[in-house]
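Student: Fold the following, please.
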Amino acid sequence: MQFDWSTFALQIVNFAILVWLLHRYLYRPVLTLVDARRAEVDAQYAAAQAAEAEAKRHLAIIQSEQAGIAAERSAMQLQAAAEADAAAAARRAQSERDATALLDGARKTLAAERDQAVAETRRDGLDLGAEIAGRLLAELPMRLRAEAWLARIEESLAALPDAEREALTRQLADGSRLSVVTASDLPPEAVSAWRSALERVLGEHVSIDFSVDPGLVAGTDLHFPTAILRFSWQSILSKMRAEIETDGHAC
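Tutor: Residues are numbered from 1 along each chain as shown. You can find the predicted model right below:
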């Protein structure tokens, strides 16, 4: 078998032409297509990464918003709980103040009623005592009662400072009259005794009138032109009633 160089050369030429044709019309378009496909795949991949990154960013925003909403809800719940506790505490404090005020009012009312009852009892006791004393006094002869009151008047006038006694005497120096008011009529002999005793103390020139006022209960009052000396039970009872009223208001 002989080797044909011309046939070999022709085959080499045909192979080269085939390679050139394949490279030009097949390989290069395939490479171009592959590159385009790769570029498209890379673009899609990049887009997918960008979309993923955007999705992650949105997810982070949503999660942040959710965390903010949860924190805000928690803060609102805490605030609502605090406000509820404050309102409950305020209501409790107000209830306690109302209860305290009610108790204080009740105590004051009870104390006022008690003080009023005590004052009324003391007034009733005073009136009863005065009535009993008046009845007992009425059992004594008028002469003895008149002597007792006259002795008291003489002692009181004698015990006055000289300046005060002289001032009373001067009120009667111009003819003004001394009015002796008794709770009941004095017997004639008692009138004479009283007139003599008062003239000894106040001067013989004194003009004296005698009158009766049952409201005095017992005793007598001496009415000077500008002054009154009270020796009656009425004045004593009035002072005692005033003390009872003062004690009642003070309580």
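Student: C-alpha only now, for contacts and for neighbours.
Tutor: Fine.
Student: burial measure for Gly219, as a count.
Tutor: 23 (other Cα atoms under 10 Å).
Student: quick one: Ala173 is in a helix?
Tutor: No - the assignment for Ala173, made by DSSP: H, G, I helix; E, B strand; the rest coil, is coil rather than a helix.
Student: from what I can see it touches Gly203, true?
Tutor: No - Ala173 lies out of contact with Gly203 (Cα atoms under 8 Å); the separation is 9.2 Å.
Student: Would you map the helices across this structure?
Tutor: Using DSSP state H, the helices of the chain run over residues 5-22, 28-138, 142-159, 162-171, 188-202, 233-250.
Student: Any chance of a markdown table for those, columns mean pLDDT?
Tutor: Listed next are the helices of the chain as a markdown table, based on pLDDT from 0 to 100:
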| stretch | mean pLDDT |
| --- | --- |
| helix 5-22 | 79 |
| helix 28-138 | 74 |
| helix 142-159 | 82 |
| helix 162-171 | 87 |
| helix 188-202 | 87 |
| helix 233-250 | 66 |
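Student: now the ones you listed as a markdown table including mean neighbour count and distance to Val217?
Tutor: Below are those laid out as a markdown table (neighbours: other Cα atoms under 10 Å; distance: least, Cα to Cα, whole Å):
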| stretch | mean neighbour count | distance to Val217 |
| --- | --- | --- |
| helix 5-22 | 12 | 159 |
| helix 28-138 | 13 | 7 |
| helix 142-159 | 15 | 13 |
| helix 162-171 | 14 | 25 |
| helix 188-202 | 16 | 18 |
| helix 233-250 | 15 | 6 |
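Student: Tell me which of those lies nearest to His223.
Tutor: helix 162-171 (10.3 Å; Cα to Cα).
Student: Contacts for that closest one, please.
Tutor: 157, 202-203, 224-227 (Cα atoms under 8 Å, 6 or more residues apart in numbering).
Student: Looking at those residues, which gets the smallest pLDDT?
Tutor: Lowest pLDDT of the contacts of helix 162-171: Gly203, 80.
Student: Spatially, what comes nearest to that one if we skip its sequence neighbours?
Tutor: Computed as Cα to Cα, 6 or more residues apart in numbering, the closest residue to Gly203 that is not its neighbour in sequence is Thr169, at 7.4 Å.
Student: so how far is Glu204 from that neighbour?
Tutor: According to Cα to Cα, to the nearest Å, Thr169 stands 11 Å off from Glu204.
Student: Restricted to buried residues, select the contacts of helix 162-171 in ChimeraX.
Tutor: Command for ChimeraX that selects the buried part of those, burial taken from 16 or more other Cα atoms under 10 Å:
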select :157,202,224
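Student: Identify, from the contacts of helix 162-171, the entry nearest to Gln49.
Tutor: Nearest member of those to Gln49, counting by Cα to Cα, is Ala227, at 121.3 Å.
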